[in-house]
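K.L.:
I need the structure of the sequence given here:
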Amino acid sequence: MLIVVVVIVVVFDFTNGFHDAADMIATAIASRAVRPNVAIALVCFATFLGPLTAGLAVATTLGNFVDLGRLSTTAAEAVVVSALLAAVIYNVITWVLGYPSSSSNSLAGGLVGAALAAAGPSTIHWGLEALAEGRLVGFAKVFSGLVLSPILGFAVGFGCMKLMTVVLRRFTVAVRRPLVVTQYFTIAGLGYSHGANDAQKGMAIIGMMLLAHGVTPEFDVPLWAIVLPSLAITLGTAAGGWRIIKTLGFGIYRVRTIHAVANQTSAGLVNALATAMGAPTSTSQVVTAALVGNGAAEKPRHVKWLTVAGIVGGWWFNFPVSIALGWLLFPALVSLIGGQH
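P.N.:
Below you'll find the model as predicted:
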């Protein structure tokens, strides 16, 4: 079962990279400033470096908010597999629809639903007492990171676009060339922040399984469990998701080079801040929210708000649907795994 879980983690991280690559390169492609193959190569390289050099604060946060130590090995395995399958199912459905979604929300929701089905609310470290003391731990930290990051993404995107508009308003069209060159760095920075945050979700799952099996005495992520999700998410990034690129790059408003630079810079900053705090984010949500903020800062009437409403609606469904999927999958999986044991 440990091997099975590692394989599913690889699939999950592949779909994660598949989703988020589309979000990260959508504005570069839509602005026609960077060739798609160059943008994908930059994002892949930076995404792979992120989790290898940024530490494991996010993995530690995710790996400790559900207490698998209170469950039998069979139940713990079923919780983890249920959460992973819930996340993969939601990723595939939203990819088919062409909407950017949050792999992080899907995984966290799946864990909550499966843990509730396994042993009730006491299995989850809610972090409410610490929250009353002004500290963010456990589920409160996970939920805050996932919910607040899009809001912060919109605000930073709005502010960044306003600042760039003021700074560049006296420049001629000749400024486009420096902006194009700048994108090579901003794309790489966004890819790095994505790998540093998103790839750690798969690492957290592997660490949880190693703990559940007694392989490690406490939550820990060995080197191979860092490298494998990094490779999987990088391969998913290389595959790309053109359906989502069409929605995000061309479906919200006409993206120009200045929007692309502002978007990549804003989203990278938000991801980096969250990673430093050990809070998980959704790169998909952050990039999309920042892009809407960029457009709203310049010409709000040009933003296709109905498309934005559809994307945001998918975000609201993400967490509860994933909880329900985790809850529904757990009984079947615990029976299947128990039979195998």
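K.L.:
ok, G268 to A212 distance?
P.N.:
From G268 across to A212, the span is 34 Å (CB to CB, to the nearest Å). Just so you know, the C-beta spots here come from the backbone N, C-alpha and C atoms, and that holds for glycine as well.
K.L.:
neighbour count for the two, which is higher?
P.N.:
More neighbours surround G268 than the other of G268 and A212, with 27 against 23 (other CB atoms under 10 Å).
K.L.:
list the helices and strands the strand or helix carrying that one packs on?
P.N.:
Assigned by DSSP states H and E, G268 belongs to helix 257-277. With contacts taken as 3 or more CB pairs under 8 Å, 6 or more residues apart in numbering; DSSP states H and E, helix 257-277 sits against helix 2-30, helix 57-64, helix 138-168, helix 176-212, helix 283-298.
K.L.:
now L85: closest residue in space that isn't a chain neighbour?
P.N.:
L329 (5.6 Å; CB to CB, 6 or more residues apart in numbering).
K.L.:
can you give me the distance of A130 to A140?
P.N.:
A130 is 7 Å from A140, by CB to CB.
K.L.:
again, but for A118
P.N.:
As judged by CB to CB, A118 and A140 stand 20 Å apart.
K.L.:
equivalent analysis for G134, please.
P.N.:
Remark: distance between G134 and A140 (CB to CB) = 11 Å.
K.L.:
give me the phi and psi angles of the closest residue to V292 other than its chain neighbours.
P.N.:
Among residues not flanking V292 along the chain, V308 sits closest, at 5.5 Å (CB to CB, 6+ apart). Dihedral pair for V308: phi -60, psi -40, per degrees, to the nearest 10.
K.L.:
quick check: V308 touching A289?
P.N.:
No - the criterion here is CB atoms under 8 Å, and V308 misses it with A289 at 9.4 Å.
K.L.:
neighbour count: these two, which is higher?
P.N.:
The residue with more neighbours, out of V308 and A289, is A289; 29 against 19, by other CB under 10 Å.
K.L.:
the more buried one and I151 touch, don't they?
P.N.:
Yes - A289 lies in contact with I151 (CB under 8 Å); the separation is 7.2 Å.
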